[in-house]
Each structure stands twice: as C-alpha cells, then as structure tokens.
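K.L.:
need the 3D shape of this:
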Amino acid sequence: MPNMKIFSGSAHPELAKLVVSRLGLNLARVENKKMPNMECSVVIGETVRGEDVYIIQSGCGDINDNLMELLIMINACQTASAARITAVIPCFPYARQNQKGHRGSRAPISAKLIANMLTVAGANHVITMDLHASQIQGFFDIGVDNLYAEPAVLNWIRENIEGWKNTVIVSPDAGGAKRVTSIADKLNVDFALIHMDRAGKPDDNYKRGEVSSMVLVGNVKDRVAVIVDDIADTCNTICHAANKVIECGATKVYAILTHGIFSGPALSRINSSCMEAIVVTNTIPQDEHLLESPKLKVIDVGNIFAESIRRNHNNESVTFLFNSVPNL
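P.N.:
The predicted model follows:
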C-alpha cells in the first residue's frame, strides 16, 4: 500500500509486528529511548512527508511514559509534514476516568484530557477497541473508530466451549448489560446480570474492585456461565462474580474480557478461582501473564486492527468489522 507508514511505540511492539505482517508491510523505522533524566526521546528514522501515518501504542505498562512517547511521536510526524496521522490505541489509557460520578465534584475527567492532548499533539484520527465508556468518542473533535472484540469473542465461544448453545452470558455489573445482551442475541442464548454493591459509601472510601454484596438477576442453574466484561484489572470483581454464578447452580464458568491488565494479585486470584478459563485479547502484552496462569487464554485481534488500518487508508467503511472477523 503506497503512501503509508506504520510505526510502533514501546508499549506493545508484538502487536504492531502482527499488524504489519498481515498487511504485508514492514514497520517504519523509529528510535525511542530515554534520556539520562528519564525524558522520552523520539527520532523518526525515515521520511513521512505526505504520508498516511499510523502509530500503534497501547495504554499499558508504564502508562504515563508510553502516553508521552505516543504524543511525541505524533508531534514529530506532524512537524515532518505527514499528510494524516492516526493514533492506533488498542487499550485507551485513563478510559475509566470518564465522568465525575460518585467521586465528588472535584474529580477530573481525565479521559477528556487525553483526548485533548492527542488532538493538540497533531493526531487526525484515533483507532481503539472496546472503550470503557462509549461517550469518550464525544470527547474528541477528530474521528474515532471504536472497534469491538465481540466478533472474535463469539468465534472463541463457538469454537472452545462445548455445549455453548446451553450457555448464559453474564454481566458482572449493570453497566455491561448492553454488551452481554448483544452477545447473547447473536448466540441466541439467555443472559443474566449481577447487581453489585461496592465497598464503602459514595462519599466515603469507595474503592474500585472491592465488593460488599452481589445479587444475580437471571437463571444459570445447570448451565455454563460466560462472564463478559471489558477490563480485567485486579480481578477481584470477576472472581466474586464467578463464585456467585457457581453458588446459583452454574455447572462451569468462563470469563471473557477485552483488556487484560492484571494488576497486583490478579493472576493468583485467577489461579485459585472456580473459573475454567479467563480469556483476554492481545490489546495488552500477555506473554508474561501466560507463564503465570494456566487458566489464561488469549484471542489475537491483530487482524482486526490490520483491516481497520487498511480500510482507513483506502477510505473504506469499517462497519464490516463491527460484526465480522477479517480473514487476514
């Protein structure tokens, strides 16, 4: 494909290599390093004048350093006269800080700040996957393609869960109801959700991931439960949800989540949980996590990002990717 350059940041070069290999390209040259005072230094290694540039950098690892590196790479390409710059951010950083909510009127909306920073740096377009809150697209004054892992998730369920026609798709909280009903409808199976009370009071020490009580709404008795969510962080909530559906009579429980962060004791919780498997995509590097947990499975979404880049470069619609996995 002429007039296109794809660069990789330091956050997830493995995914970037998968993307370019599916497009039959090579990664463009860039030197990313740290100065002695820990400032990010970026040197673009080839011309981008008049080119359609894509920079792949996920919001993971050393998030703030990787975010700063992405902003500098975008700005470097802009000042080098790139025709269009697209930030490909498989896991969008600060996506959970998308509203003031219960945390008080002085809480920041950090996801909006990230949107402003990307735009000011020089990004013309953003490609991401399974934003934690869909309204984040409205934080931008540039185009945003929010891709979905759902088609790949559907394929995994059909290919790996024996008797999947007798499954129940479960949301671990009310906020994920739309996600699970969409999957349940496409599989023609039932769905359920868990009503959850967080530890602490809204005006007290409310802590993300800590749960005081759960109530299952729906029937999972003698069925295989598949818990679906967008982010696996500490995995406290997902493990509590798995225990709840087993208590309510489910024969087996799987968990499928798009972004596998796995902070703190997450993997040890998974290993000791009642789940048959926990499935995530490779929007975040999982090689080290796979060594720590035999229950962890990974879905490759590199082909989805590769096809979205190809379609954007050729000014084609990306709607096809909302319902299908491309054959790349």
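K.L.:
break this protein into its domains for me.
P.N.:
According to automatic domain parsing, the chain is divided into the following domains: 4-148+302-322, 150-299.
K.L.:
make TSV out of these and add mean pLDDT and mean neighbour count.
P.N.:
C-beta coordinates here come from the backbone N, C-alpha and C atoms, glycine included. Output for the domains of the chain, formatted as TSV (pLDDT from 0 to 100; neighbours: other CB atoms under 10 Å):
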stretch	mean pLDDT	mean neighbour count
domain 4-148+302-322	95	18
domain 150-299	90	18
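K.L.:
next one: the closest residue to residue 90 other than its chain neighbours from residue 260, what distance?
P.N.:
Spatially, and ignoring its direct neighbours in sequence, residue 90 is nearest to residue 283 (3.6 Å; CB to CB, 6 or more residues apart in numbering). Residue 283 is 8 Å from residue 260, where distance means CB to CB, to the nearest Å.
K.L.:
got it, and residue 176?
P.N.:
Taken as CB to CB, the span from residue 176 to residue 260 is 16 Å.
K.L.:
can you give me the helices for the stretch 201-328 of the chain?
P.N.:
Per DSSP state H, counting those that start in this stretch, the stretch 201-328 of the chain carries helices over the ranges 236-247, 266-271, 287-292, 302-313.
K.L.:
any chance of CSV for those, columns distance to residue 19?
P.N.:
CSV is the format used below for the helices of the stretch 201-328 of the chain (distance: least, CB to CB, whole Å):
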stretch, distance to residue 19
helix 236-247, 28
helix 266-271, 27
helix 287-292, 17
helix 302-313, 5
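K.L.:
bridging residues for residue 192?
P.N.:
For residue 192, the beta-bridge partners under DSSP bridges are residue 170.
K.L.:
and it, what does it touch?
P.N.:
Neighbour list for residue 192: 168, 169, 170, 171, 216, 217, 218, 219, 220, 225, 245 [criterion: CB atoms under 8 Å, 6 or more residues apart in numbering].
K.L.:
how about residue 264?
P.N.:
Contacts of residue 264 by CB under 8 Å, 6+ apart are residue 234.
K.L.:
before we move on, the earlier item: so which of the helices of the stretch 201-328 of the chain comes closest to residue 4?
P.N.:
Proximity to residue 4, assessed across these by CB to CB, is greatest for helix 302-313 (5.3 Å).
K.L.:
give me the spatial nearest neighbour of residue 191, chain neighbours excluded.
P.N.:
Closest to residue 191 by CB to CB, 6+ apart is residue 184, at 3.8 Å.
K.L.:
for residue 22, see how far away the closest residue in space to residue 256 that isn't next to it in sequence is.
P.N.:
Nearest non-adjacent residue to residue 256, counting by CB to CB, 6+ apart: residue 279, 4.4 Å away. Look at residue 279 and residue 22: by CB to CB, they are 21 Å apart.
K.L.:
got a list of what residue 145 touches?
P.N.:
Going by CB under 8 Å, 6+ apart, residue 145 touches 125, 126, 127, 128, 308, 312, 318.
K.L.:
what residues are up against the last one?
P.N.:
Residue 318 makes contact with 145, 147, 308, 311, 312 under the criterion CB under 8 Å, 6+ apart.
K.L.:
now the residue of the chain most remote from its centre: how far from residue 30?
P.N.:
Here the centre of the chain is the reference, and by CA atoms, centre = their mean the most remote residue is residue 36, at 32.1 Å. Per CB to CB, residue 36 is found 20 Å from residue 30.
K.L.:
residue 170 too?
P.N.:
Distance of residue 170 to residue 30, computed by CB to CB: 43 Å.
K.L.:
again, but for residue 143
P.N.:
Counting by CB to CB, the gap from residue 143 to residue 30 is 24 Å.
K.L.:
just residue 129 next, same as before
P.N.:
Look at residue 129 and residue 30: by CB to CB, they are 23 Å apart.
K.L.:
can I assume residue 260 is in contact with residue 290?
P.N.:
No - judged on CB atoms under 8 Å, residue 260 makes no contact with residue 290 at a distance of 10.0 Å.
K.L.:
overlap in contacts, those two.
P.N.:
The contact sets of residue 260 and residue 290 overlap at 296, 298 (CB under 8 Å, 6+ apart).
K.L.:
quick one, what contacts residue 73?
P.N.:
Counting by CB under 8 Å, 6+ apart, residue 73 makes contact with 7, 9, 30, 32, 42, 44, 55, 57.
K.L.:
now the strands for the stretch 151-300 of the chain?
P.N.:
167-171, 190-198, 211-217, 224-232, 252-260, 277-281, 296-299 (DSSP state E, counting those that start in this stretch).
K.L.:
show me how far stretch 42-62 is from its chain's centre.
P.N.:
Remark: stretch 42-62 is offset 20 Å from the chain centroid, using CA atoms, centre = their mean, to the nearest Å.
K.L.:
and stretch 41-58, by the same measure?
P.N.:
That offset, for stretch 41-58, works out to 23 Å (CA atoms, centre = their mean).
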